[in-house]
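1. what's the 3D shape of this:
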Amino acid sequence: MTHPFEHIPSARRGVVLLALGAATVALLGVLGSFYGPLQNAAAPQGMVSLELAWTPERVSQMVASWSEETRMGLAFSLGLNFLCLFALTNTLALGCVWAAERVRSGLPAGAGALLAWGQWLAGAVWAVENSLLAAAIFGHASGASMAAASALSVVKFALTGAGLLFAVGAGAYAAASRPAGGAGRPKAQAASRSKS
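-> This is a model prediction of the structure:
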């Protein structure tokens, strides 16, 4: 299985990854300023509590505990979240492709491509979740919609978490193993030249 990001030339992947990563960090920073005021007794984990509310009753309790200004900030943040999900899931997808290329072995390379597709699936899931949460904070929550939103949140967290772990873990492994391999090749090449 291959991923479209594999068609980006290797020399350019680092630049694209840095650009996407910078955009993600900036968007997460802005979203964090909106999410901070959400934390209270009704929503101990702020936005995460809302995402994992599961029932309209719990959503109503959280929404009622926030000021109107906080609710308006939340509504705006859900719109901004669509930009963040695009940046974050593409950063992780490219990170998985980049890490898999550096590991250069069959199973991790295949896992990297699969997880890269998984990040795009996470983006689609995230978009649906955001739409359901936006409807909920404006009073259009139902038991089915809130159960679906929370289930989609769990899927989103699982997919993005797996992608992040792979990109960081495989990338770190490749970086740690490269010096030894890279140092050995020039010596071997030099020895073969001297013999010839």
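2. am I right that Trp66 is in contact with Gly36?
-> No: contact criterion Cβ atoms under 8 Å: Trp66 and Gly36 do not qualify, at 11.8 Å. Yep, even glycine has a C-beta here, placed from its N, CA and C like the rest.
3. these two: who's more crowded?
-> The neighbour count for Trp66 versus Gly36, taken as other Cβ atoms under 10 Å, is higher for Trp66 (19 against 12).
4. just give the nearest non-adjacent residue to the more buried one, would you?
-> Nearest residue to Trp66, sequence neighbours excluded (Cβ to Cβ, 6 or more residues apart in numbering): Leu38, at 6.6 Å.
5. can you classify Glu57 by secondary structure?
-> helix (DSSP: H, G, I helix; E, B strand; the rest coil).
6. and it, how far is that from Ala41?
-> Applying Cβ to Cβ, to the nearest Å, the value for Glu57 to Ala41 is 16 Å.
7. so which of those two has more stuff around it?
-> Glu57 (12 against 7).
8. so who does the more buried one touch?
-> Listed by Cβ atoms under 8 Å, 6 or more residues apart in numbering, Glu57 has no contact partners.
9. Ala136 versus that one, what's the distance?
-> 11 Å.
10. now Gly112
-> From Gly112 to Ala136 the distance is 35 Å (Cβ to Cβ).
11. of these two, give the one with the bigger neighbour count.
-> A count of neighbours by other Cβ under 10 Å puts Gly112 above the other of Gly112 and Ala136, at 27 against 22.
12. pLDDT score for that one?
-> As predicted, Gly112 sits at a pLDDT of 81.
13. now swap in Ala183 and tell me
-> 46.
14. Pro108 now?
-> 64.
15. over to Val48?
-> 94.
16. with Val128 instead?
-> Looking at Val128, its pLDDT stands at 96.
17. helix or strand: which one has the residue nearest to it when sequence neighbours are not counted?
-> Nearest non-adjacent residue to Val128, counting by Cβ to Cβ, 6+ apart: Leu152, 5.8 Å away. Using DSSP states H and E, the element containing Leu152 is helix 143-195.
18. isn't Cys84 right next to Val25, touching?
-> No: counting by Cβ under 8 Å, Val25 is not a contact partner of Cys84; they are 10.3 Å apart.
19. neighbour count: the two, which is higher?
-> When Cys84 and Val25 are compared for neighbours, Cys84 comes out ahead with 19 against 13, by other Cβ under 10 Å.
20. ok, that one to Glu68 distance?
-> For Cys84 relative to Glu68 (Cβ to Cβ), the value is 24 Å.
21. His143: neighbour count?
-> You called it His, but residue 143 is Gly. Neighbours of Gly143 (other Cβ under 10 Å): 11.
22. who's in contact with the nearest residue to Ser77 once chain neighbours are set aside?
-> The shortest distance from Ser77 to any non-neighbouring residue, by Cβ to Cβ, 6+ apart, is to Phe34 (4.0 Å). Residues near Phe34 by Cβ under 8 Å, 6+ apart: Gly73, Leu74, Phe76, Ser77, Leu80.
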